[in-house]
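My questions concern the predicted model and sequence given below.
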Amino acid sequence: MRAIEVAQFGGPDVLVPVERPDPQPAPGDLLVRTDAIGVNFIDTYFRTGMYPTDLPYIPGSEGTGTVVAVGSDVPDDVIGSRVSWCAAPGSYAELVRVPQEVAVPVPDGVPAEQAASALLQGMTAHYLIESLYPARPGETVLVHAGAGGVGLLLTQLAAAKGVRVITTVSSDAKEALSREAGAAEVLRYEDDVAARVRELTDGEGVAAAYDGVGAATFEASLASVRIRGTVALFGAASGPVPPFDLQRLNPAGSLFVTRPTLAHYTRTRDELLWRAGDVFAAIADGSLRIRVGATYPLSEAARAHTDLAARHTTGSVVLLP
């Protein structure tokens with residue numbers, strides 16, 4: 001099979017196309033021929049060594065495709081079905097060994113490119129707005145990177161609940177996308193974001209700041225939330241947030257700060273299927289729009305990472321084997 005391999009940590013150039021023996025499904029596994037592969041910021045954290053992993057490795061954890069073989073204890077009737085996943089290491093490949101417990105059936109009518117990028121970003125948006133801080137109708141929240149993959153989905157889910165959404169973006173084109181997703185107000189990163197948020201909330205601040213950018217926006221997030229507000233730092237697209245004194249949370253308004261991860265919000269099969277089912281159902285009925293902003297051949301994974309890091313993409317980024 002064709003795959004992408006990382007033999008040393010570094011920049012996008014360490015993503016090298018290779019040919020590797022076809023994997024064989026172990027007990028409990030599905031062997032899936034990929035139709036589309038999701039590219040996410042977490043892939044860049046592993047590539048650079050920010051998140052440690054053994055070398056060499058095939059990057060990626062998300063994709064969609066057709067089951068072509070199964071392990072010894074998996075029923076044969078699964079073969080031929082479409083599945084998606086976001087927790088199967090080695091997904092930048094034509095064939096992926098996917099544990100059955102993390103595979104999710106894909107409903108008819110959901111295209112492969114959308115299915116490949118729906119779970120990680122879609123379920124992240126779902127747990128942020130439904131579980132981490134379940135914003136209520138009439139409340140206002142701040143979403144950084146409003147035109148990114150999670151940002152667009154989170155804005156749609158929040159707006160559908162009657163939540164007022166303020167976003168940050170970097171350009172007029174991204175502002176248009178964010179407003180189309182339901183943002184009531186759109187700010188630029190170069191603005192005094194916290195001051196503008198206070199103006200837009202009559203000095204109160206937002207109920208929650210959902211921050212996937214990290215170092216460049218974290219201080220603005222802290223300064224934007226109301227008394228007893230929540231800052232959810234769910235990513236670090238601009239780099240990790242430096243250590244800070246927890247005592248600062250007291251005079252800032254007895255704030256709550258959390259650093260969540262999707263794995264802790266999909267701990268059981270039931271929870272995974274609930275979140276994935278909500279996301280896929282919303283895509284299928286048209287109430288949630290997955291914007292695939294860029295597609296690349298599998299062999300051009302390095303270019304995909306370069307464009308993602310440079311913020312040249314909007315929405316989801318997908319590799320096509």
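Good, I have the coordinates.

Can you name the next helix or strand after the longest strand anywhere in the chain?
Criterion DSSP state E: the longest strand present in the chain is strand 29-39. Per DSSP states H and E, the first helix or strand lying C-terminal to strand 29-39 is helix 41-48.

counting contacts, what elements does the following helix or strand past that next one pack onto?
Where DSSP H and E defines the elements, the next helix or strand beyond helix 41-48 is strand 62-70. Contacts defined by 3 or more CB pairs under 8 Å, 6 or more residues apart in numbering; DSSP states H and E place strand 62-70 against strand 29-39, strand 82-85, strand 95-99, helix 112-116. Where you see a C-beta, it was placed from the backbone N, CA and C, and this is true even at glycine.

Which of the ones you listed sits closest to residue 194?
Residue 194 sits nearest to strand 29-39 of all the helices and strands packed on strand 62-70, at 31.4 Å, using CB to CB.

what's the spacing between that closest one and its chain's center?
17 Å (CA atoms, centre = their mean, to the nearest Å).

Now do the buried residues in it.
The neighbour-count check on strand 29-39 (16 or more other CB atoms under 10 Å) flags 29, 30, 31, 32, 33, 34, 35, 36, 37, 38, 39 as buried.

show me the residues around residue 279 that make contact.
Contact analysis of residue 279 by CB atoms under 8 Å, 6 or more residues apart in numbering lists 118, 119, 122, 123, 126, 288.

quick check, nearest of those to residue 307?
Nearest to residue 307 among the contacts of residue 279, with distances taken as CB to CB, is residue 118, at 20.3 Å.

Could I get the pLDDT score of that closest one?
On pLDDT, residue 118 comes in at 90.

Repeat that for residue 66.
Looking at residue 66, the pLDDT reads 98.

Quick check: bridge partners of it?
Bridge pairing for residue 66 (DSSP bridges) gives the partners residue 33, residue 82.

Next, count neighbours for it.
Using other CB atoms under 10 Å, the number of residues around residue 66 comes to 16.

how close does the residue nearest to the spatial centre of the chain sit to residue 113?
With distances taken as CA atoms, centre = their mean, the residue of the chain nearest its centroid is residue 121 (2.9 Å). For residue 121, the distance to residue 113 equals 13 Å [CB to CB, to the nearest Å].

hey, what's in contact with both of these two?
Listed as contacting both residue 121 and residue 113 by CB under 8 Å, 6+ apart are residue 316.

Can you give the domain ranges for the chain?
Here the domain parsing of the chain from automatic domain parsing is 2-118+290-320, 121-263.

returning to what we had before: filter the contacts of residue 279 down to the ones in strands?
Using DSSP E, none of the contacts of residue 279 sit in strands.

Neighbour count and distance to residue 300 for the residues you listed - can I get that in a markdown table?
Output for those, formatted as a markdown table (neighbours: other CB atoms under 10 Å; distance: CB to CB, whole Å):
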| residue | neighbour count | distance to residue 300 |
| --- | --- | --- |
| 118 | 29 | 22 |
| 119 | 29 | 23 |
| 122 | 28 | 25 |
| 123 | 25 | 27 |
| 126 | 25 | 30 |
| 288 | 23 | 28 |
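
and which of these is nearest to residue 255?
residue 126 (23.5 Å).

ok, that closest one - contacts?
157, 275, 278, 279.

still on that earlier bit, what residues are up against the residue lying closest to the residue nearest to the centre of the chain once chain neighbours are set aside?
Among residues not flanking residue 121 along the chain, residue 149 sits closest, at 4.3 Å (CB to CB, 6 or more residues apart in numbering). When contacts are counted by CB under 8 Å, 6+ apart, residue 149 touches 40, 117, 121, 291, 293, 315, 316, 317.

which one of these sits closest to residue 242?
Nearest member of these to residue 242, counting by CB to CB, is residue 40, at 23.5 Å.

was I right about the closest one contacting residue 123?
No: at 11.8 Å, residue 40 and residue 123 do not qualify as touching, with contact defined as CB atoms under 8 Å.

still on that earlier bit, take the buried residues of strand 29-39 and write them to JSON lines, including distance to residue 72.
Output for the buried residues of strand 29-39, formatted as JSON lines (distance: CB to CB, whole Å):
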{"residue": "29", "distance to residue 72": "9"}
{"residue": "30", "distance to residue 72": "12"}
{"residue": "31", "distance to residue 72": "12"}
{"residue": "32", "distance to residue 72": "17"}
{"residue": "33", "distance to residue 72": "20"}
{"residue": "34", "distance to residue 72": "23"}
{"residue": "35", "distance to residue 72": "25"}
{"residue": "36", "distance to residue 72": "28"}
{"residue": "37", "distance to residue 72": "27"}
{"residue": "38", "distance to residue 72": "29"}
{"residue": "39", "distance to residue 72": "32"}
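
Could you pull out the helices in this protein for me?
41-48, 112-116, 119-127, 149-160, 172-181, 193-200, 218-224, 269-284, 301-309 (DSSP state H).
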